[in-house]
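>>> The following comprises the amino acid sequence and a computationally predicted model.
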Amino acid sequence: MGNLKEKVDKKQQKKSKRDNDSKFSEKDAMIKKEDERSKVNKPAEKKKKRKREKGNNFDGGDAIQTSREDDRTKAEGEKKRNKPRKEKQRSEEHNNALVGKYHQLGSESEVGFNEQKCKSKKTKKKKKEHDTSKEEENIVAKRGDTDHGEAYCISSVDEDCSEGLKKWLTDYHQSRPGLKALQQRLDEFIISHEEKLEQERKEREAQVAEGGWTVVKHHKGRKKTTDSESGITVGSVAPAAVENQMTKKKPKEVGLEFYRFQKREAQRSEIMALRSKFEEDRKRIQQLRAARKFRPY
Amino acid sequence: MDSDILAEPMDFKVSELINEVQIDHSPAFIKHVNDTVSSIRNSIDKIPNNLVVTGEEAAGFVRDVGADKVEFKFKKPKSIEIGGSYSIKCVVKPDISVDLFIQLPKECFHEKDYLNHRYHAKRFVYLCVISKSLKSDSSFAKVEWSTLQNEARKPVLLVYPADKLAEAPGFFMRIIPTAKSLFNAAKLDLKRNNVRALNQGETSLPTPRYNCSILEDMCIEDNTEFLKKTFLGWKELGEALVLLKVWARQRDFIHSHDGLNGYLIAIILSYLVAHEKVNSSMRPLQIFRVTLDFIANSKLWTQGLFLQKQGEIKILKESFVGIGSTIKSLRPGNPQISGLKPATRLLRQGVVFELNFHLAISSIWGVHLLFPFHFSLDFVSMSQDFLICSNVQLQNEASLTLQCFGKSGDSAFEDIFMTKIDFAAKYDYCVRMISGEIMGIYKISGSLSREYLRLNLKGNSEFYSSGYCLDEECWRLYEKKVQSLLSQGLNDRAKSIRVIWRNIPSCCSLENGLSTLDREPLLAGISVSSLDKAFRVVDVGPDAEKKEEATMFRKFWGEKAELRRFKDGKIAESTDPMSFSASLLGAFDVLSKRLRLIEDIPLKVSSVQPLDPAFRFTSVFPPEPHPLASEKNVPRLHKLMSSCIQPLEVMIQLEGSGNWPMDDVAIEKTKSAFLLKIGESLENSWGMTCTATENDVDVFLSGYAFRLKILHERGLSLVKREIGSDQGKRVSSADQKLFVHSQHSSMINGLQGVFPIYGPVVRLAKRWVASHMFSACFSEEAIELLVAHLFVKPLPFTVPCSRITGFLRFLRLLAEYDWTFSPLIVDINSDFNTSDKKEIYDKFMLTRKGYEESSQNICPAMFLATSYDKASEAWTRLSPNILELKRLVAYARSSANLLTRLVFQDQTDSYRWECLFCTPLTNYDAVILLHGDRLPYPQRLLFPSKLNHGRLVARGNASKAFQPFILPGDLRGSLDKLRNKLLVDFDPLRCYIADLQASKECNTLKLWYDSLGGDAVGLTWDRSCSKKRDREEASDGEDPIDVLKAVGEAGKGFVKSVYFLKSPRLMN
């Protein structure tokens, strides 16, 4: 088993090296490569399936634990001492390949992607590299081992209703209990909500009464214009009518520049506006200078 | 006032642009050029004098141009001088080249060598000798062939020096032979025949273009001298030339052999100087405008330019006067020629010619003939009123650009100088033909069918048999043939047609002849006049009584002329999706009537408005009626029924009332109560089916599910404010969201009515965004607004009339718009006045305040202002954020490039098209693959995802609880039971995403997904997690593998596999 896996690894290693060398600029080329890879990966997958079938004999929850324990024991195994290094190498190459892919996305994709990744932190990164390499080793070590183990199998698909598709389906059906039930729920909610509000009001009043004071409040807003029973408007002013009236109102005959001070003020404010516009333009220009997007090709 | 305000940034940008593209004539650069020139000189000096040269040097070329006597004894060139744009300091990057004129010595030519392409052959052989010598010289890295203005019979040499200069990457010299005073100019009179092979029997046809071709070489040095006098020492004029060059280069359909080039622009500028239309007090941008105005509006274009200061040139005068007869005899077989107006007329100074196939400019030094301007010679072709030619296109483009100055406002600079206007983006349909076959009819659809365009170029031996070059080169004749065929076939369907064949590949070996020069594709661009016309089924031919025309028509169309009558059904295909929409709108009408009729609720329904994109034809999948959602009994089913249905939102308004509660929660509950009542009433009085949750009420009608929403006007004024939050973090109430939706919906609906192609473009754009897994960060409405902008502000283009063109422009807008420093104002009904715009700018500036501190600190990254939302709060307030936008822009750029490439060059392999909508999964840190057959609409999955990179972390089986299709076994039950099986708005992917976002383990993950039916979810480690890690080292222990396992668990039954590609560390 292990030999088989190693062979596959080596193959992949070669593959990824080749990937690095050849700079294929077309996406389809990349996809074809992927296809090739799938062929290479097939034996590995088969193996995984077999293992998984074994795993299925256990109870779902246990399966997780055992596989994790497996990992640990393997990590301690002496045989694999050389392994991490190899794995690391591989993963690095792999990452390079991925970066290469980024380039394929478009000639300028680096602007978007790579900038996003290593923006101005290049120097920091270098310093960090020493620290993080250890971390990387850890992860890689784990990686190597779990590679030897198997892909974790998501357990008890249709028995467990607390997560996943089955849960969503149950949720869906539970959320639609029928109109009557919903109506009832709503009524209950509104009643309790009103009670709560009433309660709050009473508490407030009680608090006020305790102090021996009566707070006189000014009621803001217009008079009630709807009949509380039927909800029919009584003597209110329809917004449309108001608007109509407003438009009919003649605009003021006297212009805003009647008085000299008004004129002066208008002039001054115009100058201010121009000045602010000028400032704004200058700012914009500075920004533009910083951004430097004047290359028409 | 307005343009004054804008002038400032524009001037600044223009001067920056000029700095960017102009090459600095630094001592180092000048020395580099001079060194190269002297090493070329040395190399030529090494060639022995009196070396006997024969046609054997380039037998293929000599044979193909049809020259007879080619032998001569090599003599050194009379002079070697620098000319062209370098000499007037107007070289424009990125092509850094210097023209080197080599004057051919008179001793090598006989007096009569202007005949039968002898000059051309000798010219080429002479160059061959030089090329040999240069190639053996180690100071040159590369020597290549090219041609002058795509004219194959006039090659030039490109010489790349071995020494490179960092500030001039890709620098090369162009060696151009000149023929100053080699021949008697009178012999090259335009009406004379100098190619004897053209003679048919006794008639001798004039060869104006052939003659021009030689005259051009004779005048080129003097012209340069003349330009130098005008340009040197006048900085602004030079800068204006640079601007014009940039402008023309961005428009590759006019920057071509039959359109503009740098040299021609310089001549036009000096013409304007000579006529005092440009003076020394003008700024470069002003000169630019004046020149464009001249190009667009001058009447001189129908007459020809004529530059003359002193003296006069008799030959020209005479030859132009004779041009009318010349043209007549050019095409003896063509009956329509007689219909032409007299082709000559007198100009002010002396000579005019209506055939402006070249500009004639005579000046103090003599005759200056410019490159042949093939312009309106097209009218010689078949169609009578056919004058669509590059000249018209040039004028149209110039006037479009002038409009940009007036209308584009802030973006004028970008529209004029920075936007690439190539065939793919400019024309609605592009046709690409390669030697004989039509390799790609890219954007042809509907009745613009390929049958019209079946041209057998190669098989058409009519052209080749008579030689590659007679008066005109055969490729130019093809251009015209294709152009006239297209314009005759398309008739008034096309607004403009442009055919260009840049037939000379970048590196070719001309020695072996010209037969390989048709490998490059011929491009034809077609602008559609209007969709109605373009997709018209029948072309009505001329009246049967006009026999001549009728026979012409029949001759052109052949059998098609008959067939057409029976082909009415053809257009049905393109209108098919519309019929679904018609039934949807019908169902909506019925619903709104029934809603208004409801009596048994306290408040009556006062208005009903559609909200869903489906109602405005912009949803990617127009809804189809579902048999289980209609009132009729379910017919025994013939095909698979989906078990899910997507509800379409409909907004209701109720009569006003004062009894509404005041607080937000209570309002929403009251609305639900109303909706339940409405649903019940519909059930009772019409027998409709209604299903509801606490928040949504859906009713079925005619196969559609409608989701009802109530807008309560008072809710609009209620704004929930988060405590202690600033202006940016307002939470708008449900009513506000509804209101904005309704505004958007009605606005887009109006737009869609004006531009029928709008909907299809939006659908493509939405699909693209989703298939690159941007569903989470780019809302559908924002996409609709971006596309709307393409239609309401089409400048510098015209409104797109095909979906591919619209889609390409969408991608370019997304990729190239300056999102950081400019708001995108989508002014659909031209609602905005100056103060509105100022308000928008103010709001925009507020959002960019934080920019100075950190470039990451801008929100929203994409500022979309509309009449209902001036502060861009509706659609892009939270997403895309600056990083998402960067990613989006990068994807858009690469897709736009791919699409452009597909139109221009690549093969018509359908596989390549798929890449536009197939996202590379390797760009994520981890990937979840889903069970494709557990998606609600498996048929919408474009490409099943495969992943062979990375490590498989978890895998799972598909759940049996959910099937996307109703199984035949389920059909036996009663209708009600069956209806319960129909899931309204059930989307496992959405549930999964919601669960993941809510779960604790996954808060370090960012999710990318395709809500339109993709089977993959991309994961990236969130940047913030790394920051957190710095702060709290303790909680660091989270293993990415464990996180991914948990992710898999959360989607059990739905998740097929989880792959791990990159560890979080890489994010730093």
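Everything's here; your move.
>>> burial of residue B:208, as a residue count?
Counted with other C-beta atoms under 10 Å in any protein chain shown, residues neighbouring residue B:208 total 30. For glycine as for every other residue, the C-beta is placed from the backbone atoms N, C-alpha and C.
>>> Need the nearest residue in space to it, chain neighbours excluded.
Using C-beta to C-beta, 6 or more residues apart in numbering or on different chains and skipping residues adjacent in sequence, the residue nearest residue B:208 is residue B:190, 4.2 Å away.
>>> Give me the phi and psi angles of the one you found.
With angles defined as degrees, to the nearest 10, residue B:190 sits at phi -70, psi -20.
>>> From what I see, it and residue B:214 are in contact.
No: Residue B:190 is not in contact with residue B:214 according to C-beta atoms under 8 Å; the separation is 11.4 Å.
>>> quick one: residue B:37 from residue B:470, how far?
Here residue B:37 is placed at a distance of 37 Å from residue B:470 (C-beta to C-beta, to the nearest Å).
>>> whoops, I mixed them up, residue A:176
81 Å.
>>> Residue B:879 now?
63 Å.
>>> and what of residue B:156?
Noted for residue B:156: a distance of 22 Å to residue B:470, by C-beta to C-beta.
>>> go on, residue B:280?
Distance, residue B:280 to residue B:470, by C-beta to C-beta: 46 Å.
>>> ok, those two, which is more surrounded?
Counted by other C-beta under 10 Å, residue B:280 and residue B:470 do not tie: residue B:470 has more neighbours, with 20 against 9.
>>> Please name the residues that touch the residue in the stretch 151-300 of chain B positioned nearest to chain A.
Minimum separation of the stretch 151-300 of chain B from chain A (C-beta to the nearest C-beta) falls at residue B:246, amounting to 5.2 Å. Each residue near residue B:246 by C-beta atoms under 8 Å, 6 or more residues apart in numbering or on different chains is listed here: A:296, B:17, B:21, B:92, B:417.
>>> Got phi/psi on the third one?
Dihedral angles phi and psi of residue B:21 (degrees, to the nearest 10) take the values phi -90, psi -20.
>>> list the buried ones in the helix or strand harbouring residue B:835?
Taking DSSP states H and E as the criterion, the element that holds residue B:835 is helix B:834-847. Using 16 or more other C-beta atoms under 10 Å in any protein chain shown as the test for burial, helix B:834-847 gives B:837, B:838, B:840, B:841, B:843, B:844, B:847.
>>> Outside of stretch A:188-200 itself, list whatever touches it.
Against stretch A:188-200 from outside (C-beta under 8 Å, 6+ apart): B:665, B:666, B:669, B:670, B:673.
>>> how far away is the second one from residue B:739?
When C-beta to C-beta is applied, the distance between residue B:666 and residue B:739 equals 19 Å.
>>> The third one now?
Plainly put, residue B:669 is 19 Å away from residue B:739 if you go by C-beta to C-beta.
>>> do the same with the fourth one
Between residue B:670 and residue B:739 the computed distance is 18 Å (C-beta to C-beta).
>>> Could you list the low-pLDDT ranges of the stretch 51-200 of chain B?
B:200 (pLDDT under 70).
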